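**Q** Structure for this input, please:
(one chain, ligands or ions: 1)
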Amino acid sequence: MRYGVFSDVHGNYEALKAVLDFYRKNGIEDFICCGDIVGYGPQPLECSEALLGLGRLTAVLGNHDAAAVGKMEQKWFNPAASWAIDFAREKLTGRALDFISRLPDRAEGDGFTVVHGSPRKPLTEYLLNEAQFSANMAGFTASPCFIGHSHMPLYFREKDGGTPAADFMRPMDRVKLPAGPVMLNPGSVGQPRDGDPRASCGIYDADRRLFDHFKVFYDVGATQKKMAELKMPYMLAERLSFGF
Ligand code: ZN
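**A** Numbers count the residues shown, from 1 in each chain. Sure, this is the predicted structure:
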């Protein structure tokens, strides 16, 4: 089984369309989403509806999703993020609102775990280093554990001898997953922070235990134009040009 693994779509429908198109061309029909479908971007409703249409999807709640549906206090967000959460709350209706509201903090599929931040703090921890990986290892048994939240493509595993290791994944990197605990962050579809403005995503081949990291071109300018028309905070649009 091969899965399209992605995270942090953040209401960027142009980026999501490009990623889903990339998956379609690669014959992917099963999907894993590590949360933050809304927030920051101009099209939270369209993104939620697109994910609803995927059918075979395992998805979890992100912190921005949680705030948009009233499951998390908004005071933890900076003013620009908070503006976009208010906007998402206004836009989400019907089945899309129901979908976001029902997302779990944590999900387990056939041989994998999904959380937004980390197993011990699913909505809030930014998992960035080896020490955090070690501290979270006991929190999941179905491995790999897919995560999001930091918007950075990262790979955590134990080296021979049990030393924890963290590696940044570059575009087209392929990692062969060892048998022990592994955590993988596919990076962000809608607001990459790895210095590369292209949308981040991955493909997980469960049978061969391989994870491939990809960056996909999309029309950044089209998203920025929509954000300008909606008078969204300027810095949210500007950062998309740099992937930062
Ligand atoms: Zn996010």
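
**Q** Where does pLDDT dip in the protein?
**A** Of all residues in the chain, none has pLDDT under 70.

**Q** Could you list the residues of it in contact with the ion?
**A** With Cβ under 5 Å from the ion as the criterion, the chain comes near the ion at residues 8, 36. The C-beta positions use only the backbone N, C-alpha and C, and glycine is treated the same way.

**Q** Excluding chain neighbours, give the residue nearest to F140 in space.
**A** T113 (4.2 Å; Cβ to Cβ, 6 or more residues apart in numbering).

**Q** Bridged to that neighbour, which residues?
**A** E108, C145 (DSSP bridges).

**Q** and it, how many residues sit next to it?
**A** 22 (other Cβ atoms under 10 Å).

**Q** residue contacts, it?
**A** Shown in contact with T113 (Cβ atoms under 8 Å, 6 or more residues apart in numbering): 106-107, 119, 140-146.

**Q** Tell me how far it lies from M72.
**A** 21 Å (Cβ to Cβ, to the nearest Å).

**Q** what about stretch 83-103, how long is it end to end?
**A** Using Cα to Cα, to the nearest Å, the end-to-end distance of stretch 83-103 comes out at 22 Å.

**Q** Run the chain-centre distance for that stretch.
**A** From the chain centre to the centre of stretch 83-103 is a distance of 17 Å (Cα atoms, centre = their mean, to the nearest Å).

**Q** and it, which residues are buried?
**A** 83-85, 87-89, 91-92, 96-97, 99-100, 103 (16 or more other Cβ atoms under 10 Å).

**Q** Stretch 209-218 now?
**A** 211-216, 218.

**Q** mind listing which of these are in strands?
**A** 211-216 (DSSP state E).

**Q** Dump the residues you listed to JSON lines, plus distance to F77.
**A** Below are these laid out as JSON lines (distance: Cβ to Cβ, whole Å):
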{"residue": "F211", "distance to F77": "30"}
{"residue": "D212", "distance to F77": "33"}
{"residue": "H213", "distance to F77": "28"}
{"residue": "F214", "distance to F77": "29"}
{"residue": "K215", "distance to F77": "27"}
{"residue": "V216", "distance to F77": "27"}
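
**Q** so which of those comes closest to L45?
**A** V216 (22.0 Å; Cβ to Cβ).

**Q** In this structure the closest one contacts V19, no?
**A** Yes - V216 lies in contact with V19 (Cβ atoms under 8 Å); the separation is 5.3 Å.

**Q** okay, now the nearest residue to M137 once chain neighbours are set aside: neighbour count?
**A** Using Cβ to Cβ, 6+ apart and skipping residues adjacent in sequence, the residue nearest M137 is P181, 4.8 Å away. Burial of P181 is recorded as 23 neighbouring residues (other Cβ under 10 Å).

**Q** count of neighbours near the nearest residue to A107 once chain neighbours are set aside?
**A** Nearest residue to A107, sequence neighbours excluded (Cβ to Cβ, 6+ apart): V114, at 4.5 Å. The tally of other residues near V114 (other Cβ under 10 Å) stands at 27.
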